[in-house]
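**Q** Build me a structure from this.
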Amino acid sequence: MDNQLIIEVLSFIQSFINTIFPIFFWGLIIYILSSWLPGLRESAFGQILGKIYEPILEPFRKIIPPLGGVLDLSPIIAIIVMQLFLSGLNAIFNTIITSLY
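**A** Predicted coordinates for the structure are as follows:
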């Protein structure tokens, strides 16, 4: 296979991930803030967000339980882990693409 085609495919995948990640990130922020508005969390929109983000937050809640039963730090840790994952993924893509030139 031609290296240029591989570079184009990898660049497309990388740009797709870099486009989807901010949407996912802001959805998580909206889900976190919806906990302050109980009506929003109970709405159909809140239920959809819950189905998307609760499976992601649950492992972090097992590691770091809410402080005092009220303050949930798991979304902050999840955001940090997601940012680190995205940075590492971009570094891997850039390394592979650079090595193919």
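**Q** residue boundaries of the helices in the protein?
**A** For the chain, the helices defined by DSSP state H occupy 3-33, 38-42, 44-63, 74-100.
**Q** same question for the second one, mean pLDDT?
**A** The one in question is helix 38-42. Mean pLDDT, helix 38-42: 83.
**Q** can you check the last one too?
**A** Here the mean pLDDT over helix 74-100 is 93, rounded to a whole number.
**Q** okay if I get the helices of the chain as a markdown table plus mean neighbour count?
**A** The C-beta positions use only the backbone N, C-alpha and C, and glycine is treated the same way. Listed next are the helices of the chain as a markdown table, based on neighbours: other C-beta atoms under 10 Å:
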| stretch | mean neighbour count |
| --- | --- |
| helix 3-33 | 13 |
| helix 38-42 | 12 |
| helix 44-63 | 13 |
| helix 74-100 | 13 |
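**Q** Report pLDDT for the residue nearest to Ile77 when sequence neighbours are not counted.
**A** With sequence-adjacent residues excluded and distances taken as C-beta to C-beta, 6 or more residues apart in numbering, Ile77 is closest to Phe60, at 5.0 Å. Predicted confidence (pLDDT) for Phe60: 91.
**Q** and what of Gly50?
**A** Note for Gly50: predicted pLDDT of 92.
**Q** Check the gap between it and Leu37 for me.
**A** 14 Å (C-beta to C-beta, to the nearest Å).
**Q** Kindly report the same for Ile23.
**A** Going from Ile23 to Leu37 by C-beta to C-beta gives 21 Å.
**Q** Ile29 now?
**A** Applying C-beta to C-beta, the value for Ile29 to Leu37 is 14 Å.
**Q** Repeat that for Asn3.
**A** Distance check for Asn3 against Leu37: by C-beta to C-beta, it reads 52 Å.
**Q** One more: Phe45?
**A** If you go by C-beta to C-beta, the gap between Phe45 and Leu37 works out to 11 Å.
**Q** what residues are shared contacts of those two?
**A** Counting by C-beta atoms under 8 Å, 6 or more residues apart in numbering, no residue touches both Phe45 and Leu37.
**Q** distance between stretch 21-41 and the chain's centre?
**A** 12 Å (C-alpha atoms, centre = their mean, to the nearest Å).
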